[in-house]
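Participant: Using only what follows, build the 3D model:
(one chain, ligands or ions: 2)
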Amino acid sequence: MSKRLKIAIQKSGRLSEVSLGILKECGIDVKNGKSALLASASNFPLDVLFLRDDDIPEYVADGIADLGILGENVVVESRAKIDIVKRLDFGRCRLSLAVPKSVAYTNITYFNGKKIATSYPNILNDYLAENNVTSEVHEISGSVEIAPNIGLADAICDIVSSGSTLLSNGLREVQVIMKSEAVMVANRYIDAEGCQILDKLLFRINAVMTAKSNKYIVLNAPNDALEDIIRVLPGMKSPTVVPLATKGWSAVHSVLNEETFWDVIDDLKANGAQGILVVPIEKMIV
Ligand code: PRP
Ligand code: ZN
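Facilitator: Ligands and ions are numbered 1, 2, ... in the order given. Okay, the predicted model is just below:
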């Protein structure tokens, strides 16, 4: 039997759907969803393990899984000896301190002598020590946000994404400790054959991520405006210019990055571009 890698992803939670979605966009077919603990890809040497995100660092460090997709916050908290091999640009969130809305909060010294409930004791203790604050840290594994309401703590330290969990529990975010996003982690001892599979997977993920942050653009322009238009359009190498049936006009094809997108569109219009089409890109290999 030839070599396969195992990737651990969150069984249910903020990251689980998108994590599976990425594999799918990479053309990796994972059958039987999340009902089983383990699923195999039919067309790529990859098996998927569905786990609680907090368990993923240990599994990857021990080599039970070779790879994992999880929040950077969980990686840092675990202190596991694993490597981040790719930042995945989704699941952005903050690890924050929050207090009941009614509290008149001034600054971090507020937490001196207070009880803080969290699932992130390591990160929180480091942060408090750096700020010379002494608090009573209570580690609880879930539903941290209800702790102040039931008198278990004065404050919490937990993940904030949309902020709706805080809002519905009458809490207010007062201090951001770390910013986080989903990352791919890897075991440190993957063999050569395994590394080849990982490289192939990362190649596909890069193609999907690059495509997402770029758009394909097609526009028409009078030939005497081409020089100015090409100057504002970088493209992958240089734009493609093809003549239109109408004499003296050309079509220009290129690729635009999302970040500069609207500025470039404004420049193109100002330089005489017409009939601008913008099309999503499915995969992009640079
Ligand atoms: C976090 C956190 C909150 C929620 C916050 O859980 O514990 O419950 O997300 O999100 P919101 O600001 O959009 O309401 P996470 O997804 O990290 O999963 P967990 O159950 O493993 O802690
Ligand atoms: Zn978790």
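
Participant: ok, now how distant is Ser19 from Met184?
Facilitator: 9 Å (Cβ to Cβ, to the nearest Å). For every residue, glycine as well, the C-beta is placed using N, CA and C.

Participant: ugh, wrong one, Ser213
Facilitator: 17 Å.

Participant: Leu49 now?
Facilitator: Applying Cβ to Cβ to Leu49 and Met184 gives a distance of 14 Å.

Participant: which residues does the residue in the stretch 1-150 of the chain that ligand 1 sits nearest to contact?
Facilitator: Per Cβ to the nearest ligand atom, Arg14 is where the stretch 1-150 of the chain lies closest to ligand 1, at 3.4 Å. Taking Cβ atoms under 8 Å, 6 or more residues apart in numbering as the criterion, Arg14 is in contact with 71, 91, 93, 161.

Participant: Just the buried subset of the residues you listed, please.
Facilitator: Among the contacts of Arg14, the ones that count as buried by 16 or more other Cβ atoms under 10 Å are 71, 91, 93.

Participant: Next, give me the two most distant ones among the contacts of Arg14.
Facilitator: Gly71 and Ser161 (9.8 Å; Cβ to Cβ).

Participant: tell me, what's touching the two both at once?
Facilitator: 14, 91, 93.

Participant: can I assume the second one is in contact with Glu181?
Facilitator: Yes - between Gly91 and Glu181 there is a contact under Cβ atoms under 8 Å: 5.7 Å.

Participant: Identify the contacts common to those two.
Facilitator: Joint contacts of Gly91 and Glu181 (Cβ under 8 Å, 6+ apart) are Gly71.

Participant: returning to that earlier point: and the residue of the stretch 1-150 of the chain closest to ligand 1, what are its phi and psi?
Facilitator: phi -60, psi -40 (degrees, to the nearest 10).

Participant: going forward, begin numbering at 520 instead of 1
Facilitator: Let's use 520 as the start, then, which means that last one is Arg533.

Participant: Show me what from the chain comes close to ligand 2.
Facilitator: 572-573 (Cβ under 5 Å from the ion).

Participant: Give the phi and psi angles for the residue lying farthest from the centre of the chain, as a check.
Facilitator: Here the chain reaches farthest from its C-alpha mean at Lys766, the gap being 47.6 Å by Cα atoms, centre = their mean. Dihedral pair for Lys766: phi -60, psi 140, per degrees, to the nearest 10.

Participant: Give me the residue ranges of the stretch 570-719 of the chain where confidence is low.
Facilitator: Across the stretch 570-719 of the chain, nothing is flagged by pLDDT under 70.

Participant: just the strands in it please.
Facilitator: 586-590, 602-606, 612-619, 634-637, 655-658, 674-679, 690-699, 701-705 (DSSP state E, counting those that start in this stretch).

Participant: Make CSV from these and add distance to Leu787 to it.
Facilitator: Below are those laid out as CSV (distance: least, Cβ to Cβ, whole Å):
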stretch, distance to Leu787
strand 586-590, 38
strand 602-606, 31
strand 612-619, 36
strand 634-637, 50
strand 655-658, 55
strand 674-679, 39
strand 690-699, 34
strand 701-705, 34
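
Participant: which of those sits most buried?
Facilitator: strand 586-590 (a mean of 28; mean count of other Cβ atoms under 10 Å).

Participant: quick one, that one and strand 701-705 angle?
Facilitator: Angle of strand 586-590 versus strand 701-705, following axes from the mean of the first three to the mean of the last three Cα atoms, to 10 degrees, is 150 degrees.
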